[in-house]
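J.: Following is a predicted model, sequence given first.
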Amino acid sequence: MQSLRNLFRAPWSSATRLDDKTVVITGANAGIGKETALDLAKRGARVIMACRDMERGQTALKEVMEGSQNDNVMCMKLDLSDTKSIREFAEAVNKDEPKLNILINNAGVMVCPYGKTADGFEMQIGVNHLGHFLLTHLLMDLILRSAPARIVTVSSTAHRWGGINLDDINSEKSYNKQAAYSQSKLANILFTRALAKRLEGSGVTAYSLHPGVVQTELWRHLTRSQQCIMKIAKPFTKTSVQGAQTTIYCAVEPTLEDQSGRYYSDCSPASCSASGLDDGLAQKLWELSCGMLHVSWD
């Protein structure tokens, strides 16, 4: 219903500039990540495109630099399925960058066959939630020093179709790829809520969002019947440019400064599931995530 209402209003747009701001975007080599990088580079930001595939990342880097006419853009290696890579990336950013004003946790995997990360986490919870949890933790001191700053995490309306299995977060007892994806996207929302509470008064704000049903490579793991359905529904889905708009909105819209912790869709506030509002569950997930990653983050 909300998406239908948005068909009848002017699309969101903003002339906000990001000169002298530094942005990190994960998964920036394709899809909405690349379109977000292009938009923010056009606004004058220094953009760090964090990519797992450096060959594709370099191709995307060239496209973003040419499309934005901004040469203050770079590509760095980041594999969110490997905590060693995350730590190396964060160490380099902390060493070389004097500030980090916007962190966009965009990268993700979707309904993939069962697999594990380098650290033994189920792939979807490992990449979509734990990888970004650790990355944000490792960059937090720099972000705090750069305030006002924002942390934007791309979730999905799919968070409504699952829960958080605290007793089997890695889906080792049983695995359903849709349920595991939904769990990871709900974790994104709970992480954002818990993070916003911890950052109150710091000048750093956090937001989560649903980008819409976007035509991206993430569809590749859908079943054949699901892919057929998506092809039929394609006229009602979003392009990568359209799908990036809510991410960009959360990153730059000035009126969101006092809206930390909220969930957005179609460039406006949206309602999430009851589980997404459960602060007790958010705290339990936070503590579990810290334990799995062997970090202390009060």
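T.: Here it is on my side, so go on.
J.: Would you confirm that residue 249 contacts residue 12?
T.: Yes: assessed by CB atoms under 8 Å, residue 249 is found in contact with residue 12 at 5.6 Å. Any C-beta I mention is one placed from the backbone N, CA and C, and that applies to glycine too.
J.: okay, those two: which has more neighbours?
T.: In this view residue 249 and residue 12 are compared by other CB atoms under 10 Å, and residue 249 has more residues nearby, 21 against 14.
J.: For that one, pull up the helix or strand it's in.
T.: Using DSSP states H and E, residue 249 falls within helix 245-252.
J.: Tell me which other helices or strands that helix touches.
T.: Applying 3 or more CB pairs under 8 Å, 6 or more residues apart in numbering; DSSP states H and E, one finds that helix 245-252 contacts helix 31-42, strand 102-105, strand 149-154, strand 204-210, strand 263-265.
J.: what sits in contact with each of residue 249 and residue 12?
T.: Taking CB atoms under 8 Å, 6 or more residues apart in numbering as the criterion, residue 249 and residue 12 both touch residue 267.
J.: which stretches of the stretch 51-200 of the chain have low pLDDT?
T.: Along the stretch 51-200 of the chain, no part satisfies pLDDT under 70.
J.: As a check, name the ranges of all helices in it.
T.: Assigned by DSSP state H, counting those that start in this stretch, the helices in the stretch 51-200 of the chain fall at 54-68, 83-96, 123-124, 132-145, 177-198.
J.: Figure out which of those is closest to residue 208.
T.: helix 177-198 (4.0 Å; CB to CB).
J.: In terms of secondary structure, what does the closest one contact?
T.: Counting contacts by 3+ CB pairs under 8 Å, 6+ apart, helix 177-198 packs against helix 123-124, helix 132-145, strand 149-154, strand 204-210, helix 279-293.
J.: Can I get those in JSON lines including mean neighbour count and distance to residue 192?
T.: Shown next, in JSON lines, are the helices and strands packed on helix 177-198 (neighbours: other CB atoms under 10 Å; distance: least, CB to CB, whole Å):
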{"stretch": "helix 123-124", "mean neighbour count": "25", "distance to residue 192": "17"}
{"stretch": "helix 132-145", "mean neighbour count": "20", "distance to residue 192": "10"}
{"stretch": "strand 149-154", "mean neighbour count": "27", "distance to residue 192": "5"}
{"stretch": "strand 204-210", "mean neighbour count": "26", "distance to residue 192": "4"}
{"stretch": "helix 279-293", "mean neighbour count": "17", "distance to residue 192": "9"}
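J.: Distance of residue 167 relative to residue 212?
T.: 33 Å (CB to CB, to the nearest Å).
J.: Would you mind telling me which of the two has the busier surroundings?
T.: residue 212 (22 against 7).
J.: hmm, back to that, kindly present the helices of the stretch 51-200 of the chain as a markdown table, with separate columns for distance to residue 108.
T.: Shown next, in a markdown table, are the helices of the stretch 51-200 of the chain (distance: least, CB to CB, whole Å):
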| stretch | distance to residue 108 |
| --- | --- |
| helix 54-68 | 16 |
| helix 83-96 | 14 |
| helix 123-124 | 8 |
| helix 132-145 | 9 |
| helix 177-198 | 8 |
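J.: Between those, which one is closest to residue 253.
T.: Closest approach to residue 253 among those is made by helix 177-198 (15.9 Å; CB to CB).
J.: ok, and for the closest one, which residues are buried?
T.: For helix 177-198, a neighbour-count test (16 or more other CB atoms under 10 Å) marks 177-196 as buried.
J.: between that helix and helix 279-293, how big is the angle?
T.: Helix 177-198 runs at 100 degrees relative to helix 279-293, counting by axes from the mean of the first three to the mean of the last three CA atoms, to 10 degrees.
J.: Correct me if wrong: residue 290 contacts residue 284.
T.: No: in this structure residue 290 lies outside contact range of residue 284 using CB under 8 Å: 11.0 Å.
J.: where's residue 113 relative to residue 175, distance?
T.: Using CB to CB, residue 113 is found at 9 Å from residue 175.
J.: Tell me which of the two has more neighbours.
T.: Comparing residue 113 with residue 175 by other CB under 10 Å, the one with more neighbours is residue 175, at 15 against 8.
J.: For that one, list the residues it contacts.
T.: Neighbouring residues of residue 175 by CB under 8 Å, 6+ apart: 114, 122.
J.: Return the distance of the closest residue to residue 284 other than its chain neighbours relative to residue 136.
T.: Spatially, and ignoring its direct neighbours in sequence, residue 284 is nearest to residue 166 (5.9 Å; CB to CB, 6 or more residues apart in numbering). Residue 166 sits 21 Å away from residue 136, going by CB to CB.
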